[in-house]
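Asker: give the three-dimensional model of this entry:
(chains A and B)
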Protein chains: 2
Amino acid sequence: MRQPLPQAVKDFIAAARVCRIATVRRNGEPHVISVCPVFDGESTVYVDIGPDYVTAKNIEAERRVTVLIDEYSEDWNELKGVVLRCGAEPVSGAEQDAAWERIRLKFPQYKGIGWEPRLTLALRVHKWRQYGVADGDTAT
Amino acid sequence: MRQPLPQAVKDFIAAARVCRIATVRRNGEPHVISVCPVFDGESTVYVDIGPDYVTAKNIEAERRVTVLIDEYSEDWNELKGVVLRCGAEPVSGAEQDAAWERIRLKFPQYKGIGWEPRLTLALRVHKWRQYGVADGDTAT
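Answerer: Purely as a prediction, here's the structure:
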């Protein structure tokens, strides 16, 4: 990243219960899903998805993904959002274990439905934009 | 559409206060924004965006967009979502006027901030998928 994320943005990402991830299909059509994210506190978001998801197929050919974390409010002065432009990378070993420690802690629901690690993706942020989270609208 | 939207899905779309719209940049990177949608009750979603938005530039080259309308719940049995694969088309004249009647009625916030019609897009649904809104998971 050319400029590190402000602390308020890091806190917003870390607290997010859900995010939307946009990818591109092999035929060039955009795709978007809703997923529960965890954050390493610095510059990587982790999500775990089914290996048969369209998103999983998409990133085999095009690793660039865009993550939107936003909160809607009926008071439009209170709209908040962070857009993260990332490179997606499947992880295994120690990095996957560390991601799953965060996932289990933040989302006990995974345990409730008995889900074990599937395809765990590191989404490494290289550019970002925010509105309503830190002072002013800022972007890199 | 090969199969019309079930009534429960139409109602869900019509009631949505916010949706996420994925597009593709000219360089092939995915993009996603949060927008307030209205629905014609059949097969077209309308949104109004700034002509300088990345989304506006993107659809000049690639008209395919994917709209995600979803509600997150901490009870994962209650997750709901509708994915609409659409063709985006700027509208003017009577169709834009009709869209803006819906927009003004549903989102009085537009009036509050004095926004007039900018780039009004018709997002014409040709394929869809839903989970948690109508019976079972269904898709076309």
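Asker: continuing past the longest strand along chain A, what's the next helix or strand?
Answerer: The single longest strand within chain A, with elements called by DSSP state E, is strand A:119-131. Counting by DSSP states H and E, the next helix or strand C-terminal to strand A:119-131 is strand A:138-139.
Asker: quick one: residues contacting the nearest residue to residue A:76 once chain neighbours are set aside.
Answerer: Excluding its sequence neighbours, the residue lying closest to residue A:76 (C-beta to C-beta, 6 or more residues apart in numbering or on different chains) is residue B:109, at 4.9 Å. (Each C-beta comes from the backbone N, C-alpha and C, glycine too.) Residues in contact with residue B:109 (C-beta atoms under 8 Å, 6 or more residues apart in numbering or on different chains) are A:74, A:76, B:36.
Asker: residues contacting the last one?
Answerer: With contacts defined as C-beta under 8 Å, 6+ apart, residue B:36 is in contact with B:17-19, B:47, B:103, B:106-107, B:109.
Asker: one more: residue A:35?
Answerer: A:18-21, A:47, A:49.
Asker: tell me how far it lies from residue B:59.
Answerer: Per C-beta to C-beta, to the nearest Å, residue A:35 is found 25 Å from residue B:59.
Asker: equivalent analysis for residue A:138, please.
Answerer: If you go by C-beta to C-beta, the gap between residue A:138 and residue B:59 works out to 26 Å.
Asker: what does residue A:20 give?
Answerer: 18 Å.
Asker: can I get the buried part of the contacts of residue B:36 as one PyMOL selection?
Answerer: A single PyMOL command selects the buried members of these (16 or more other C-beta atoms under 10 Å in any protein chain shown):
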select buried, chain B and resi 18+19+47+103+106+107+109
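Asker: ok, now which ones touch the nearest residue to residue A:2 once chain neighbours are set aside?
Answerer: Sequence neighbours aside, residue A:140 is the residue nearest to residue A:2 in space, at 4.9 Å (criterion: C-beta to C-beta, 6+ apart). Residues near residue A:140 by C-beta under 8 Å, 6+ apart: A:1-3, A:127-129.
Asker: quick one: buried ones out of these?
Answerer: A:128-129.
Asker: make a markdown table from the contacts of residue A:140 and add pLDDT to it.
Answerer: Output for the contacts of residue A:140, formatted as a markdown table (pLDDT from 0 to 100):
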| residue | pLDDT |
| --- | --- |
| A:1 | 74 |
| A:2 | 70 |
| A:3 | 85 |
| A:127 | 97 |
| A:128 | 97 |
| A:129 | 97 |
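Asker: Throw the contacts of residue A:140 into a markdown table and include distance to residue B:114, thanks.
Answerer: Listed next are the contacts of residue A:140 as a markdown table, based on distance: C-beta to C-beta, whole Å:
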| residue | distance to residue B:114 |
| --- | --- |
| A:1 | 36 |
| A:2 | 35 |
| A:3 | 33 |
| A:127 | 32 |
| A:128 | 30 |
| A:129 | 25 |
